[in-house]
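Peer 1: Would you be able to build a 3D model of this:
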Amino acid sequence: MSEANGHPYSWSAIFNGYEPTTMADCGFPGIPIYLAKQKFPDDRIAGARVTHVWTQDALLSQHISNATYIDTVVPSPEDMIGAVDAVLLARDDAENHRQFADPFLAAGLPVYVDKPFAHSRRAAEAFFSQEVRDAQIFSCSALRFAQEMLVPSEELARIGGVTRISAQVPKSWTKYAIHVIDPILANCGKLPAVSDVRVRQFGAENDCTEVSFAWDGGERTCQITAFGREPSPISVSYSGPRGTIHTEFADSFAAFKRALCVFLEDSVIGRHSHAAQILDAIDILELGT
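Peer 2: Numbers count the residues shown, from 1 in each chain. Below you'll find the predicted structure:
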């Protein structure tokens, strides 16, 4: 489990349901709030369960197990090989992803790697080279599948096409910029011929990052700001010659559930690789790292 990332609790609850009293002590106040708005067991993912858990702290692993009805706490990650059908690598410290994922990839297991997958295209391509079969690795920001972040193509046509994008996130560029990069690419596709890249650090503790660039031969522009410790919504605005469309993230449960279902459909059951989309996103993420 990585610092300040509650996905082991939330993702497990989306599969298994949860025990409210234990979940209230998970250390992430937003999780029990959005879980309480759902109707369990109806809203959990049917047909799959989280059956094993490991973290670097046995007491923490047991707490996650108690909060989300996980049957088995294992003393080391590799103890899951041979006992599970797939792995959720629910930690967002990209610099540590390979060391945890590689044994499972070598064993042929599909792995959902939490965002960001990697910090550079070079690291990402080296990661994908560890696949022993197609579509074994899945990764995304769940916001790529958030309904409120997706804009129908006819709406983009209504504003005359996208000529300017403005987006913002809280926290660091490294961990949170992917939350707007993925939906931008889902709506606009790959941003070709990126140029005029500018990176600015600012804020009281110099922890805010603003990345600006042009694409499509300089005809269109994008500015993404990560506001560090300052509060900020996660939002994207798309502007064209005939108007602006604003999107803002609101529903964590629905986005996480959809992303987990896509992993099951495309990597566990199917063989539909998301490598191209992942690499396109990392190309943009790398501009600010």
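Peer 1: Might you report the residue contacts of the residue nearest the centre of the chain?
Peer 2: Nearest to the mean C-alpha position of the chain, by CA atoms, centre = their mean, lies residue 141 at 2.2 Å. Contact analysis of residue 141 by CB atoms under 8 Å, 6 or more residues apart in numbering lists 115-116, 178-179, 181-183, 281. Bear in mind the C-beta positions are built from the backbone N, C-alpha and C, glycine included.
Peer 1: how about a markdown table for those, with distance to residue 289, neighbour count and pLDDT added?
Peer 2: Listed next are the contacts of residue 141 as a markdown table, based on distance: CB to CB, whole Å; neighbours: other CB atoms under 10 Å; pLDDT from 0 to 100:
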| residue | distance to residue 289 | neighbour count | pLDDT |
| --- | --- | --- | --- |
| 115 | 13 | 25 | 95 |
| 116 | 9 | 29 | 96 |
| 178 | 11 | 26 | 98 |
| 179 | 15 | 25 | 98 |
| 181 | 12 | 30 | 98 |
| 182 | 16 | 28 | 98 |
| 183 | 19 | 26 | 98 |
| 281 | 12 | 27 | 98 |
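Peer 1: Nearest to residue 6, out of those residues: which one, please.
Peer 2: For those, the minimum distance to residue 6 (CB to CB) is 13.8 Å, reached by residue 115.
Peer 1: now the helices for the chain?
Peer 2: 7-16, 20-23, 30-36, 58-68, 97-106, 121-128, 153-158, 173-176, 178-188, 252-263, 275-285 (DSSP state H).
Peer 1: Near residue 48, how many other residues are there?
Peer 2: Residue 48 has 17 neighbours, counted by other CB atoms under 10 Å.
Peer 1: From residue 170, how far out is it?
Peer 2: Using CB to CB, to the nearest Å, residue 48 is found at 31 Å from residue 170.
Peer 1: got a list of what the nearest residue to residue 102 once chain neighbours are set aside touches?
Peer 2: Nearest non-adjacent residue to residue 102, counting by CB to CB, 6 or more residues apart in numbering: residue 130, 5.8 Å away. Neighbouring residues of residue 130 by CB under 8 Å, 6+ apart: 98, 101-102, 105-106.
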